[in-house]
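Participant: Please find the sequence and the predicted model below.
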Amino acid sequence: MTGKNMSSTDASNLIDTQPRPATAGDYVQLMKPRIMMLVVFTALAGLVAAQSVSGVSINPVMAAIATLAVALGSGAAGAINMWYDADIDAVMKRTSTRPIPSGAVPRDEALAMGLIMSGVSVLLMWLASNALAAGLLALSIAYYGWFYTMLLKRRTPQNIVVGGAAGAFPPVIGWAAVTGTAPLDAWLLFAIIFFWTPPHFWALSLLAHKEYKKAGVPMLPVTHGAAATRNQILAYTIFLAPLGVLPVLTGLGGIVYGTVAALLGAIFLALAFQVWRSEAGDEGASSASLKRAKGLFGFSILYLFILFAALIAEHGFGAYVAIPGVA
């Protein structure tokens, strides 16, 4: 039985039918707060950089509302994802305690929450900024909640590659909220997140490939094996490392950003190379091999956070510390 063909009856049998009282924390978990924090942070980077590069400013209150809209949109997509994936979440140990499979929140309630938050987030963005930013936010919600979750995830091992665009939209949305445009620099930030996503999630899938196999999700290690996955991780990282430095050439990044990007890219590449050199056994990977994959996964989160923090620091405080290369 694959996740793609799992019936609604199968799903209802897998999800805990004994409800437990829902807490505020359960509803927060529906919104995938860890993903939300990264989404908001990268959107903020786009918003801050846009003001510095374009010379256009946005009212602080409107900026705060636009940022809130991004957070609500991310939470909405997360709730829709948990609604649809409740059946496979119940199968996998690491997700079986989520609000729906644990019986705390009914599936229909999670879906209603996601749809309502989607509408509110897009409306707030439109009122606080402009139609382009609101449209991009709506597109990102639909991309993750429908295109990735419902069409890609259970059908192709390239789900993470194609679906990675959903998480790459936030800096473009932040930029558009300020200027009403989406220039090359904004899409360059999009590209960095897009090419960061496969090595990030494939490192995780190396650790959880047995659970994905049990749930019928065709992640790359399940369909093509660990060796092929490690090859792809290295290939994407080889592309990502110089791509992370590219904003320096367009003037978007200055000396601080360039130095940070080069150093982080080199570390990322070294860790990916260590993962690539790991043994090829899919079922019997050694503890050392799993430790390398776990290390790469953990560093990949740090990579994106520090990279965009450097961008925020340059454009948010560059005027006060006179950082060369930043307008």
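Facilitator: In hand now; what should we look at? Because the structure is predicted, anything quoted here is derived from the model rather than measured.
Participant: Please count neighbours and contacts with C-alpha atoms only from this point.
Facilitator: Will do.
Participant: Next, work out how far apart the residue nearest to Thr95 when sequence neighbours are not counted and Ser102 are.
Facilitator: Using C-alpha to C-alpha, 6 or more residues apart in numbering and skipping residues adjacent in sequence, the residue nearest Thr95 is Asp89, 5.0 Å away. Remark: distance between Asp89 and Ser102 (C-alpha to C-alpha, to the nearest Å) = 10 Å.
Participant: Now the spatially most central residue of the chain. Its backbone dihedrals?
Facilitator: When C-alpha atoms, centre = their mean is applied to the chain, the residue found nearest the centroid is Gly167 (4.0 Å). For Gly167, the backbone dihedrals are phi -80, psi -10 (criterion: degrees, to the nearest 10).
Participant: ditto for Gly254
Facilitator: phi -100, psi -160.
Participant: Check what contacts stretch 252-268 and list those residues.
Facilitator: Residues from elsewhere that reach stretch 252-268, judged by C-alpha atoms under 8 Å, 6 or more residues apart in numbering: 49, 53, 185, 237, 240-242, 244-245, 247-248, 296, 299-300, 303, 306-307, 310-311, 314, 323-326.
Participant: Stretch 33-49 too?
Facilitator: Counting by C-alpha under 8 Å, 6+ apart, 67, 70-71, 74-75, 167, 170-178, 186, 189, 252, 305, 308-309, 311-312, 315-316 sit against stretch 33-49.
Participant: May I see the buried residues of the lengthiest helix in the chain?
Facilitator: Scanning the chain for the longest helix, with DSSP state H as the assignment, gives helix 287-321. The neighbour-count check on helix 287-321 (16 or more other C-alpha atoms under 10 Å) flags 289-290, 292-297, 299-300, 303-304, 307-316, 318 as buried.
Participant: same thing with stretch 59-75?
Facilitator: 62-63, 65-75.
Participant: Arrange those in JSON lines, one row each, with secondary structure, distance to Ala134 and pLDDT as further columns.
Facilitator: What follows is the buried residues of stretch 59-75, written out as JSON lines (DSSP: H, G, I helix; E, B strand; the rest coil; distance: C-alpha to C-alpha, whole Å; pLDDT from 0 to 100):
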{"residue": "Met62", "secondary structure": "helix", "distance to Ala134": "13", "pLDDT": "96"}
{"residue": "Ala63", "secondary structure": "helix", "distance to Ala134": "13", "pLDDT": "95"}
{"residue": "Ile65", "secondary structure": "helix", "distance to Ala134": "12", "pLDDT": "97"}
{"residue": "Ala66", "secondary structure": "helix", "distance to Ala134": "9", "pLDDT": "97"}
{"residue": "Thr67", "secondary structure": "helix", "distance to Ala134": "12", "pLDDT": "97"}
{"residue": "Leu68", "secondary structure": "helix", "distance to Ala134": "12", "pLDDT": "97"}
{"residue": "Ala69", "secondary structure": "helix", "distance to Ala134": "9", "pLDDT": "98"}
{"residue": "Val70", "secondary structure": "helix", "distance to Ala134": "9", "pLDDT": "98"}
{"residue": "Ala71", "secondary structure": "helix", "distance to Ala134": "13", "pLDDT": "98"}
{"residue": "Leu72", "secondary structure": "helix", "distance to Ala134": "12", "pLDDT": "98"}
{"residue": "Gly73", "secondary structure": "helix", "distance to Ala134": "10", "pLDDT": "98"}
{"residue": "Ser74", "secondary structure": "helix", "distance to Ala134": "13", "pLDDT": "97"}
{"residue": "Gly75", "secondary structure": "helix", "distance to Ala134": "16", "pLDDT": "97"}
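Participant: in the strand or helix carrying Asp185, what counts as buried?
Facilitator: Taking DSSP states H and E as the definition, one finds Asp185 inside helix 184-215. Neighbour counts using 16+ other C-alpha under 10 Å place 185-213, 215 of helix 184-215 among the buried residues.
Participant: That helix - contacts with which helices or strands?
Facilitator: helix 86-91, helix 159-163, helix 165-168, helix 170-179, helix 220-245, helix 247-250, helix 287-321 (3 or more C-alpha pairs under 8 Å, 6 or more residues apart in numbering; DSSP states H and E).
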